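> give me coordinates for this.
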Amino acid sequence: MDERLKAILESHEKEFEAVSDQIWDFAEYRFQEVKSAELQAKFLEARGFKVTRGIGGIATAFRAERGERGPVIGFLGEYDALPDLSQKADCAEESPLLPGACGHGCGHHLLGSGSMEAACALAEYLRESGEPGTVVYFGCPAEESGAGKAFMVREGCFDGVDFCLTWHPNVYNGLMCRSLANARVIFTFSGVASHAAAAPEKGRSALDSCEIMSVGVNYLREHVSADVRMHYAYLDAGGTAPNVVQPHAAVLYALRAPETAQVQEVYGRVLDVARGAALICGTKVEAQVVSAYANTLVPKSLGELAHRCVKEAVAEVTYTPAEEAYAEKFVKVGSQPGAKTALDRGVEDPAAAGMGGSTDVGDVSWVVPTMGIYATTYAAGTVMHGWTAVAQGRSSIAKKGMHTAAKAMSAIAMEILRRPELREQIKKDFETVKDGRVYKTLIPDSMKPGMF
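Numbers count the residues shown, from 1 in each chain. All right, here's what the predicted structure looks like:
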């Protein structure tokens with residue numbers, strides 16, 4: 001890594017730690033990240049970035065740009081929290097700060113701050129050196145369930161960007177090589193109310209339709225690919241009166257598969273099940289896709305570069321005995337105890353990378369060559385989207401992971417800027433991995449950000 005770039009990063013670490021802590025405190029829900037987005041926007045303006053707020057028709061999305069020539073490198077940041085995950089910092093037992101409030105169970109307070117750290121350091125280096133390159137930081141809201149970046153892609157927010165980089169907190173170091181495509185669909189059933197005892201024959205139960213749909217989907221699980229996932233949650237159970245035949249009910253399904261085309265197929269089959277449930281009960285059903293995520297594409301040469309830069313950054317990380325002891329506390333309360341080490345110091349082999357979650361980074365990766373990395377920010381066994389992740393979010397371990405990610409991302413960006421032959425190879429590999437396929441989100445044009 002360039003020694004001057006490294007020095008710039010290390011000299012400003014405390015500033016980004018402060019931003020991360022503030023966003024942890026804010027813990028704002030999707031599309032409501034008003035304070036978090038404004039904190040970052042003002043921070044970047046104070047450091048010479050030109051900030052455009054409200055991009056893509058989203059109040060809490062923004063673009064911050066510095067530089068006027070050379071290739072354009074984008075950094076993707078996030079700052080949304082998860083519902084019902086309020087938790088006291090550093091506390092190794094479940095203890096909400098405010099019951100029912102949000103908490104950063106996926107580390108997006110670190111994610112956005114670390115991406116911003118890399119963007120600021122690279123921009124400052126380019127200003128000093130006079131080397132060509134334009135740096136753009138994207139404040140991206142509502143990654144959790146809201147598919148904020150998919151809406152931003154749809155509105156052309158990433159047009160003109162040559163490459164994008166991002167990262168995600170995790171229990172290990174590695175590359176974001178794979179993610180599942182995902183569609184979230186609300187099925188709303190409409191029936192007929194009636195007295196459940198005196199005139200049940202006149203009623204048509206929307207709640208029965210939801211339950212029969214659930215049975216049908218559970219039978220469908222046997223007849224889809226093993227890597228397909230179908231989850232659901234009731235949004236409306238028809239009310240609280242058992243002596244009334246419920247005239248309305250709604251259920252939200254999350255449908256995942258390795259490729260968007262597979263999700264589209266599974267959605268068609270689930271829709272048939274819903275229609276069948278309505279037919280059985282004499283109700284009506286409407287289906288609405290409210291968010292969707294594409295699977296992630298990684299150009300081969302960009303992945304190779306990122307793997308090397310992550311290994312170099314991770315090699316410099318050390319932990320104190322106090323940090324080891326801190327991590328051990330959370331290993332003991334995690335759902336995966338018995339880890340060989342409390343803190344992962346290795347770098348996962350990209351060939352062994354699993355595929356479990358979904359991210360709207362996938363949508364960006366279809367329109368711009370994009371690379372995401374992971375950095376160790378939590379103790380082994382920590383469950384993402386759980387209270388133990390929230391509790392560790394302000395720790396020195398979490399912040400070391402954030403700085404490690406910033407160093408790796410800025411090193412990746414520096415090589416891309418300095419090596420025109422590498423840029424050309426990445427673009428060729430980008431076309432190869434797309435293999436002639438054209439990106440199209442499953443989100444209908446009628447769906448606007450924040451409607452769900």
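
> hmm, which helix or strand of the protein has the shakiest average pLDDT?
Ranked by mean pLDDT, DSSP states H and E, the weakest helix or strand in the chain is helix 321-333, scoring a mean of 93.

> so what secondary structure elements neighbour whichever helix or strand comes after that one?
Heading C-terminal from helix 321-333, the first helix or strand you meet, by DSSP states H and E, is helix 361-365. Contact here means 3 or more CB pairs under 8 Å, 6 or more residues apart in numbering; DSSP states H and E; on that basis helix 361-365 packs against helix 148-154, strand 163-170, strand 370-376. (C-beta placed from N, C-alpha, C; glycine too.)

> report all helices and strands that the last one contacts.
Under the contact criterion of 3+ CB pairs under 8 Å, 6+ apart, the helices and strands touching strand 370-376 comprise strand 163-170, strand 174-175, helix 300-314, helix 361-365, helix 396-418.

> check the gap between I55 and T166 for me.
Note on I55: its distance to T166, by CB to CB, to the nearest Å, is 17 Å.

> let me fix that: L255
Counting by CB to CB, the separation of L255 from T166 is 24 Å.

> over to E259?
Distance from E259 to T166, by CB to CB: 21 Å.

> neighbour count winner among these two?
Per other CB atoms under 10 Å, whichever of E259 and T166 has more neighbours is T166, with 28 against 14.

> what about that one, distance to K428?
T166 is 22 Å from K428, by CB to CB.

> likewise for E15?
The value you get for E15 to K428, if CB to CB is used, is 38 Å.

> which residues of the protein fall in helices?
Ranges of helices within the chain are 3-11, 13-26, 34-45, 108-129, 148-154, 206-220, 260-281, 300-314, 321-333, 361-365, 387-391, 396-418, 420-434, based on DSSP state H.

> deepest-packed of these, please.
helix 361-365 (a mean of 28; mean count of other CB atoms under 10 Å).

> do I have it right that G216 meets G276?
Yes. G216 is within contact range of G276, at 6.3 Å (criterion: CB atoms under 8 Å).

> give me the common contacts of these two.
Taking CB atoms under 8 Å, 6 or more residues apart in numbering as the contact rule, G216 and G276 have no neighbour in common.

> mean confidence for stretch 414-427?
Average pLDDT, stretch 414-427: 98.

> and it, end to end?
Its start and end residues considered, stretch 414-427 measures 17 Å (CA to CA, to the nearest Å).

> what do you get for stretch 127-140?
Per CA to CA, stretch 127-140 runs 25 Å from first to last residue.

> mind listing what's buried in that stretch?
G133, T134, V135, V136, Y137, F138, G139, C140 (16 or more other CB atoms under 10 Å).

> returning to that earlier point: can you redo the helices of the chain as TSV with distance to Q246?
Shown next, in TSV, are these (distance: least, CB to CB, whole Å):
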stretch	distance to Q246
helix 3-11	57
helix 13-26	38
helix 34-45	36
helix 108-129	37
helix 148-154	33
helix 206-220	4
helix 260-281	11
helix 300-314	51
helix 321-333	40
helix 361-365	37
helix 387-391	34
helix 396-418	45
helix 420-434	46
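
> which one of the ones you listed lies nearest to P444?
helix 148-154 (10.4 Å; CB to CB).

> in terms of secondary structure, what does the closest one contact?
So helix 148-154, by 3+ CB pairs under 8 Å, 6+ apart, packs with strand 134-140, strand 284-293, helix 361-365.

> minimum distance to A199: which of these has it?
strand 284-293 (20.2 Å).

> for the closest one, the distance to its chain's centre please.
Remark: strand 284-293 is offset 20 Å from the chain centroid, using CA atoms, centre = their mean, to the nearest Å.

> name every strand pairing with that strand and say which way it goes.
Looking at strand 284-293 with DSSP bridges, its partner strands are strand 181-190 (antiparallel).

> just the CA trace of the partner strand, in CSV.
Extracted C-alpha coordinates of strand 181-190, given in CSV (Å, rounded to 0.1, in the frame of the first residue of the first chain):
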residue,chain,number,x,y,z
ALA,A,181,-31.3,-12.5,-5.7
ASN,A,182,-34.4,-11.6,-3.7
ALA,A,183,-37.9,-10.3,-4.2
ARG,A,184,-40.3,-9.2,-1.4
VAL,A,185,-43.9,-9.5,-2.3
ILE,A,186,-47.0,-8.6,-0.3
PHE,A,187,-50.1,-10.8,-0.9
THR,A,188,-53.2,-9.0,0.2
PHE,A,189,-56.4,-11.1,0.5
SER,A,190,-59.9,-9.6,0.6
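
> quick one: it to helix 260-281, angle?
Using axes from the mean of the first three to the mean of the last three CA atoms, to 10 degrees, the direction of strand 181-190 lies 20 degrees away from that of helix 260-281.

> pull the distance from strand 181-190 to the chain's centre.
Its chain's average C-alpha position is 20 Å from that of strand 181-190, according to CA atoms, centre = their mean.

> what's the answer for stretch 35-44, then?
On CA atoms, centre = their mean, the centre of stretch 35-44 falls 19 Å from that of its chain.

> put the alpha carbons of it into PDB.
Output in PDB follows, covering the C-alpha atoms of stretch 35-44 (Å, rounded to 0.1, in the frame of the first residue of the first chain):
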ATOM      1  CA  LYS A  35     -29.800  12.500  11.000                       C
ATOM      2  CA  SER A  36     -27.300   9.800   9.800                       C
ATOM      3  CA  ALA A  37     -27.400  11.000   6.200                       C
ATOM      4  CA  GLU A  38     -27.100  14.700   7.100                       C
ATOM      5  CA  LEU A  39     -24.200  14.000   9.500                       C
ATOM      6  CA  GLN A  40     -22.200  12.300   6.700                       C
ATOM      7  CA  ALA A  41     -23.200  14.900   4.100                       C
ATOM      8  CA  LYS A  42     -22.000  17.800   6.200                       C
ATOM      9  CA  PHE A  43     -18.800  15.900   7.100                       C
ATOM     10  CA  LEU A  44     -18.000  15.500   3.500                       C
END
